[in-house]
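Participant: fold the following, please.
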Amino acid sequence: MFDNLADRLNSTLKNLRGQGRITEDNVKDTLREVRRALLEADVALPVVREFIEHVQEKALGKDVLGSLSPGQALVKIVNDELVSVMGEANESLNLAAQPPAVILMAGLQGSGKTTSTAKLANFLKQKMKKSVMVVSCDVYRPAAIEQLKTVAAEVGADFFPSDASQKPVKIAKAALDSARRQFKDVLIVDTAGRLHIDNEMMDEIKALHKAVNPVETLFVVDSMTGQDAANTARAFDEALPLTGVVLTKTDGDARGGAALSIRQITGKPIKFLGVGEKTDALEAFHPDRVASRILGMGDVLSLVEEVQSKVDQKEAEKLARKMAKGKGFTLEDFKSQMEQMANMGGVASMMEKLPGMNDVPDAVKNQVGDRQMARLVGIINSMTPQERRFPAIIKGSRKRRIAKGAGLHVQEVNKLLKQFNQMQKVMKKMKGKGIMNMMRGMKGRFPGGGMPPGGGMPF
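Facilitator: Numbers count the residues shown, from 1 in each chain. Next comes the predicted model:
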């Protein structure tokens, strides 16, 4: 997300960082480029105008003009304004109610409501340790009811059954009664969507809202609709007392206009980002962290949280001991690293959160893309346990068998083994000196011309 905007803003602001002082002229030139970048990212025009006005006003103030590093000062102003536009701080769910706390999910058809319902149930169970029940009131699409039943089972949430012959309000009331009797902490109500906003839809969801009195009414919207997402959210907010927004499909949105427009246009906070198809691909929205990502400063806090929650700590400690000794690192360990990275959303998601990754050429990033990782895992899966532990025994006939099993050419197997050997040499050379010394030992160059196995991040 924000790839295009991040590239444009970084190239624009980079020019200012090196300048000795800021003048009215170079501020105007820079902000003209910033304005163009925001409009290309499909940020709503009123939001762009206000953003530029605020930045210009602060940039021409005496604090910046008298600063020892005015370029950096302007970058900070842009960062602060991005945070302000998106809502200052993360606004978490308010579940302070007599259990079960009810969350109502609203939105247009195809926005990802049903998937987001399951993701939110998973988030509440895993991060907040809540017991959750889900129910579908979408009587117009029986497939939606079945879909929710399936994904609820995946995340371990209780599913309250419903069918197309029932009235949505009766379904919701029955589900609420059942959740009370089972002492559930939270009930999430998935509602019907339409292809467009209409009176019938609004009347139905108003009736549902009145029947279950939710503590949270979340509007689910597709980020790829850009500023239209903000306009649709505003229309819903006029009919319902929305408490927040869930922005879906952000992994496929390179622009980010919706995230920068919604808060300003609707006054409602973005509470979550849908960052993939898996049921754990839901992130709490932190404006300051997102602003940092946009300006190429990374999002180390989110990365650390992901490592803590998704990495197998025992495996990590085992690997750390091997690295300290400088020996014993096998292809099994290599495979384990890549699988743990996949659990954290894949390489692309992790690289997005690392500082300075905007300056890394796409050609280098592509060498460690998720597709390439899958190919490497496929090659290792085609090996015998002995070959994974002792790769030196892999010669001609074994290479051909492994390549055939992975559906690849022998050259791919050779490339993997070469990179793995180089990684082992670096680890032996730097044993006992820590990861930072090991990285310095690489002198900024990764083995085999690309990233090291596991992306150079041995957890």
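Participant: what's near enough to touch Leu187?
Facilitator: Pro100, Ala101, Val102, Ile103, Val132, Met133, Val134, Val135, Ala175, Leu176, Ala179, Val212 (C-beta atoms under 8 Å, 6 or more residues apart in numbering). Placement of C-beta: from N, CA and C, glycine included.
Participant: mind doing that once more with 6 Å?
Facilitator: By C-beta atoms under 6 Å, 6 or more residues apart in numbering, Leu187 lies in contact with Pro100, Val102, Met133, Leu176, Ala179.
Participant: which ones among those map onto helices?
Facilitator: Leu176, Ala179 (DSSP state H).
Participant: got any ranges where the stretch 301-450 of the chain has weak pLDDT?
Facilitator: 301-328, 341-370, 426-450 (pLDDT under 70).
Participant: swap in 50 and give it another go.
Facilitator: 355-357, 435-436, 438-439, 441-450 (pLDDT under 50).
Participant: tell me the secondary structure at Leu93.
Facilitator: Assigned state for Leu93: coil (three-state reduction, DSSP: H, G, I helix; E, B strand; the rest coil).
Participant: now for the closest residue to it other than its chain neighbours: which residues touch it?
Facilitator: In space, and not counting its chain neighbours, Leu93 is closest to Glu216: 5.6 Å by C-beta to C-beta, 6 or more residues apart in numbering. Going by C-beta under 6 Å, 6+ apart, Glu216 touches Leu93, Ile103, Thr243.
Participant: give me the packing partners of the strand or helix carrying Ile145, helices and strands only.
Facilitator: According to DSSP states H and E, Ile145 maps onto helix 142-155. In terms of contacts (3 or more C-beta pairs under 6 Å, 6 or more residues apart in numbering; DSSP states H and E), helix 142-155 is packed against helix 113-128, strand 132-136.
Participant: if I take the first one and helix 142-155, what angle do their directions form?
Facilitator: So the one you mean is helix 113-128. Put simply, helix 113-128 runs at 20 degrees to helix 142-155, going by axes from the mean of the first three to the mean of the last three C-alpha atoms, to 10 degrees.
Participant: go through helix 113-128 and flag the buried ones.
Facilitator: 113-126 (16 or more other C-beta atoms under 10 Å).
Participant: Arg194: which of these is nearest?
Facilitator: Lowest distance from Arg194 to the buried residues of helix 113-128 (C-beta to C-beta) belongs to Lys113, with 11.4 Å.
Participant: wait, that closest one touches Val220, no?
Facilitator: Yes. Contact criterion C-beta atoms under 6 Å: Lys113 and Val220 qualify, at 4.6 Å.
Participant: spit out the residues that contact these two alike.
Facilitator: With C-beta under 6 Å, 6+ apart as the test, Lys113 and Val220 both reach Met105, Gly107.
Participant: could the helices and strands packed on helix 142-155 go into TSV alongside distance to Leu208 and mean pLDDT?
Facilitator: Output for those, formatted as TSV (distance: least, C-beta to C-beta, whole Å; pLDDT from 0 to 100):
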stretch	distance to Leu208	mean pLDDT
helix 113-128	13	91
strand 132-136	11	94
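Participant: let's have these in CSV, adding distance to Gln386.
Facilitator: Shown next, in CSV, are those (distance: least, C-beta to C-beta, whole Å):
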stretch, distance to Gln386
helix 113-128, 37
strand 132-136, 45
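Participant: of those, which approaches Ala37 most closely?
Facilitator: helix 113-128 (29.0 Å).
Participant: stretch 208-217 spans what distance, first to last residue?
Facilitator: This stretch, stretch 208-217, spans 11 Å end to end (C-alpha to C-alpha, to the nearest Å).
Participant: avg pLDDT for that stretch?
Facilitator: Averaged over stretch 208-217, pLDDT sits at 92.
Participant: same question for it: list its buried residues.
Facilitator: So, applying 16+ other C-beta under 10 Å, buried residues of stretch 208-217: Leu208, His209, Ala211, Val212, Pro214, Val215, Glu216, Thr217.
Participant: in helices, which of those fall?
Facilitator: Using DSSP H, those in helices are Leu208, His209, Ala211, Val212.
Participant: now do the contacts for the first one.
Facilitator: The reference is to Leu208. Applying C-beta under 6 Å, 6+ apart, the residues near Leu208 are Pro168, Ala172.
Participant: could you do the second one as well?
Facilitator: With contacts defined as C-beta under 6 Å, 6+ apart, the neighbours of His209 are Leu240.
Participant: ok so, going back, got the ones in helices among the buried residues of stretch 208-217 as JSON lines, with distance to Val83 columns?
Facilitator: Shown next, in JSON lines, are those (distance: C-beta to C-beta, whole Å):
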{"residue": "Leu208", "distance to Val83": "34"}
{"residue": "His209", "distance to Val83": "31"}
{"residue": "Ala211", "distance to Val83": "38"}
{"residue": "Val212", "distance to Val83": "34"}
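Participant: ok, these vs Ala37, which is closest?
Facilitator: For these, the nearest to Ala37 is His209 (38.7 Å; C-beta to C-beta).
Participant: thank you kindly, that will do.
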